[in-house]
Structures are given as C-alpha cells and as structure tokens.
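[1] From the sequence below, what's the structure:
(chains A and B)
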Amino acid sequence: MDDRRQRFDALVMPHLDAAYRFARWLSRSPDDADDVVQEAFLRAFRGFDSLRGSNVRAWLLTIVRNCHLTALKQQQRRGFVPLPEEHDADDGEAMIATTPAPESTSLRRDEERTLERFLSALREEHREVLVLRELEEMDYREIAAVTNVPIGTVMSRLARARAALKAGWLKEADGEPHAVR
Amino acid sequence: MRCAESLRVQAYFDGELEAFSATKSERHSERCAECRALLRELGQVRSALRLDLTFASAPPALRARILGALDGESAIESPRRVSRLKSWRPQPFWKGAMSGIAGSAVAAGIAFFVMAPSFTNPVLDDLVGAHVRSLMPDHLIDVVSTDKHTVKPWFAGHTDVSPVVSDFDLQGYRLIGGRADYFEHQRAAVVVYQHGAHVVNVFSWAGDQHGLPRNTTRNGYHLAFWKVDNLMYCAVSDTAWDELLGLVRLLQELGARDLHPRLRPAALD
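    As a prediction, the model looks like this:
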C-alpha cells in the first residue's frame, strides 16, 4: 500500500461513521446513503493532496453533501423523484444502531421513532444544520463551511430548525413527561 | 415574534460567544422571560436529540466496499481515469456530472480549512493514534461498565496510574468503560465516555518534567490537557470544543475534590 493511501486510511477513514450518519440524514433511503458515502470517499481520495489544515471531518462532510446534491439532481433529471417522507418499518429500523444499549426499552424506541420522524420531516436546509450542530457537534464556522452558506444563515436556519422540531415533537410529547427532559 | 436578542441567546447556548458577549447575553436572559424560555427550549431539543436518538454506524459491508474501491483507485496511475469505476458499482448514475462539481467544492472547501499549522509533538500523535485505534471494532474497551466502582479497581490491576472515574450521565457524558494503553513508556489508563454519537477517551499517565501541552486540534480531533498533581490527563474526541471542555471541567472538579477534600473546587485552578 502506498504512502498516500496509508495517510488517507489513517486520516480520513476514521470519519466513515460521521460521513455515513450525515448521509443517512440527507438521503431518502439507506441505499442512496451508501452510494453517496462511497462516491464521497472516492472523491476525497482523489482530492486528498489538496487537503490543507486539520479539519478532515468538515472537509469530508462537505464532499458528502456535494455528492448527495449531485445524486439528487441526477435523480430529478431522470424523472425519478422519490416519494417525500415515506417511512416504512425497515427505513426507520435502519437508522437505529444494531446493538442498542441494554437498558433500551420499547418506550425508548418509540421516542426515537417519533423524534426521527419529526427530524426527517424538516426541510433539508434546516435538517442538515441541526444534524451537524447537535449530532456531529460542529461549531458555526464548520457548519457554514460544510453547507456553504454564511454564518448568519447558519444561525437563522438553526433557529428555525429548532423551533420547527420543538413545535412538532414536543407538542406530540405533551402529557408524556418522560419525553421532555 | 421573537425577541431581537434571540439569535444571540442561541449563540450563547451553542458556546459561540466570547466571554464579554456571553456575560451580556446572560444578563439579558435574566431580564427577558422570552429568552429564558428560549434557553429552556433549546436545552430540551438538544437533550432529546442527543439522548433519544441512537446513532447508526456505517455497515461493515459498506466499509469493505469503500476499501475495495480505494484499492482499485490506488492502482490507477492517473487518478482521473473514470473507467475503472464501473467495477465497483453497477449503476453509478451520477458519475459523469460528479467530477466538476465535487472538484470545485473540494477546492472551495480547502480555503476554509487552513488552520493553525500542526507542530510536531510525538505525544500528540500518539494520543490521536490511540484514539483512532480505539474506535476500530473491539478496541475501545477492556472493562465494560457504567459503574465507577468497577472501572477504578480494574485500573489498579492493569495500569500504573489511578485516575478519577465517574459517571456523568446526567450531564450527558455516560461512562462506558475503561482500557489500558501502552503510552509514554507506561501502562496508561483510559476512561471511555459516550457523549451523544461521540466517544471521548480520557487518557491519564504519570507526568514528567515536560510541561503540559496546549489544547489543540489534530486531524479533526480536539485534545484537551490538564494536570492534577503529577497525573497528566488528556481528553480526546471529535465533539465540539465546548462539549469536550464540559467533561474536562467535571473531571477537574472531581480531581480537585479528591486531592484537597476541604477546598472548594473554585479555589483551585
């Protein structure tokens, strides 16, 4: 294995899970996410020499997002537009880790499914900033770089995303104290 | 209609304000009921997302497929040749349009990520290396437990140091276990925490005369250092800085209490 490939494996491969999680929240289906992630890693490998600085994860997620947008455009051009926000049992299940924590109960699982549904129902531009902030725990500057918008836009999208999620999800959870922490 | 300060309050919540603005924002929230409510809501949404969603990791089959595709790619002399791609995916339906767009995105991306130049410090490389290795399957934990009374005695038999261990589940940092790593010529103790989707490794080893490395970021991982007596600590993760420092604060307070039980943690820094 050559030196460039070794460096790539050491620097970029550890972020595979982050890339996959992000792609799963962007894509309509697990298969699409797989394709997007694989394409992103190939693009990243080809562009690896131009990577400067240490923020490999933000760099990789930028590429994941671009691959997702390109795939989406291709699908639309072919007239294949997936049904919006359709959730069958398999789809929801696939987002959940294969090895749940032992204390997981069906109650907890129900909450996950509900929350997941509301998160998926957000507009993409809102969902992506929320996922990057809360799940990937990126700061505003990183999110702005990944989503290619100014920091001010990140802030307003984040505010709308949180308000929308809260309006939908916490309303449904009303009267169920376990869901509100 | 939101209070005009709401975006600043959100930035405060996200740890994005420097000290002066943060204080101003705190004072505002004390007076403004709307912004107090906002802070509460932001906290609710955050804990819901981080506690109630579990996180998928990439399926092993996908990892294998990507490594295979990279092997194919490495073998090509000219990195731009596209024909080889046919072998890894039956219907690469976007491959043509991809090259231009993604290429320019990569170019645009790099301008943004020019950060502080990394300096050479073998300790930092070792720590990042150990952190990355720990994320590979079955390398993370030697002793699986959410109970500090199990993890701490385990260290006594397997490492040369005795670090502070506690479960901070309520604060969002769940103790998931411990590990022994060979590091700096000794058997270092690693306490492993789970924070949302992220793993935090807290390394500890007996310090020497070298000073404490400064907090830094390498390969997308943040490294926060501190020292209690002659015990060196380093927390490593790809969480946001304020999230990582939140755990560091909790551990520092705990360490200070262990060391000087009669002093309040605030008196030591």
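[2] Where does pLDDT dip in chain A?
    Chain A contains residues with pLDDT under 70 at A:1, A:53-54, A:80-112, A:170-181.
[3] longest helix anywhere in it?
    Ordering each helix of chain A by length in residues (DSSP state H) puts helix A:56-77 first.
[4] Now do it: distance to the chain's middle.
    Centroid displacement of helix A:56-77 relative to its chain, using CA atoms, centre = their mean, to the nearest Å, is 11 Å.
[5] Next: stretch B:169-182.
    12 Å.
[6] And for stretch B:26-41?
    The answer for stretch B:26-41 is 29 Å, by CA atoms, centre = their mean.
[7] One more: stretch B:181-196?
    For stretch B:181-196, the distance to the chain centre is 14 Å (CA atoms, centre = their mean).
[8] Give me the buried positions along that stretch.
    Going by neighbour count (16 or more other CB atoms under 10 Å in any protein chain shown), the buried part of stretch B:181-196 is B:Asp181, B:Phe183, B:Glu184, B:Ala188, B:Ala189, B:Val190, B:Val191, B:Val192, B:Tyr193, B:Gln194, B:His195, B:Gly196. For the C-beta atoms, the positions are set from N, CA and C on the backbone; glycine is no exception.
[9] average pLDDT across it?
    For stretch B:181-196, mean pLDDT rounds to 88.
[10] that older thread, in the longest helix of chain A, what counts as buried?
    Across helix A:56-77, burial judged by 16+ other CB under 10 Å covers A:56-72, A:74-75.
[11] One more: stretch B:14-27?
    B:Asp14, B:Glu16, B:Leu17, B:Ser25.
[12] can you narrow the residues you listed to ones near chain A?
    Among the buried residues of stretch B:14-27, proximity to chain A is found for B:Asp14, B:Glu16 (CB under 8 Å from any CB of the partner chain).
[13] Tell me the one of the buried residues of stretch B:14-27 nearest chain A?
    Nearest to chain A out of the buried residues of stretch B:14-27 is B:Glu16 (CB to the nearest CB; 5.5 Å).
[14] ok so, going back, so which of the buried residues of stretch B:181-196 reach chain A?
    B:His195, B:Gly196.
[15] Okay, and the spatially most central residue of chain A sits in which element?
    Of all residues in chain A, the one closest to the mean position by CA atoms, centre = their mean is A:Phe22, 2.3 Å from it. Using DSSP states H and E, A:Phe22 maps to helix A:16-26.
[16] what packs against the helix or strand following that helix?
    Per DSSP H and E, the first helix or strand lying C-terminal to helix A:16-26 is helix A:30-46. Under the contact definition 3 or more CB pairs under 8 Å, 6 or more residues apart in numbering or on different chains; DSSP states H and E, helix A:30-46 sits against helix A:3-11, helix A:16-26, helix A:56-77, helix B:60-75, helix B:95-112.
[17] The shortest one packs against which elements?
    Counting by 3+ CB pairs under 8 Å, 6+ apart, the packing neighbours recorded for helix A:3-11 are helix A:30-46, helix B:60-75.
[18] how about that helix: buried residues?
    Result for helix A:3-11 [16+ other CB under 10 Å]: buried residues A:Arg5, A:Phe8, A:Leu11.
[19] State the phi and psi torsions of the spatially most central residue of chain B.
    For chain B, the residue nearest the mean C-alpha position is B:Ser237 (2.0 Å; CA atoms, centre = their mean). B:Ser237 adopts backbone torsions of phi -170, psi 170, taken as degrees, to the nearest 10.
[20] could I get the helices and strands packed on helix A:3-11 as a markdown table with mean neighbour count and distance to A:Thr147?
    Supplementary listing: these in a markdown table, determined by neighbours: other CB atoms under 10 Å in any protein chain shown; distance: least, CB to CB, whole Å:
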| stretch | mean neighbour count | distance to A:Thr147 |
| --- | --- | --- |
| helix A:30-46 | 23 | 15 |
| helix B:60-75 | 15 | 24 |
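[21] so which of the ones you listed gets nearest B:Gly43?
    B:Gly43 lies closest to helix A:30-46 among the helices and strands packed on helix A:3-11, at 29.8 Å (CB to CB).
[22] Heading C-terminal from the lowest-mean-pLDDT helix or strand in chain B, find the next helix or strand.
    Across the helices and strands of chain B, mean pLDDT, DSSP states H and E gives its lowest value to helix B:95-112, namely a mean of 43. Downstream of helix B:95-112, the first helix or strand assigned by DSSP H and E is helix B:122-134.
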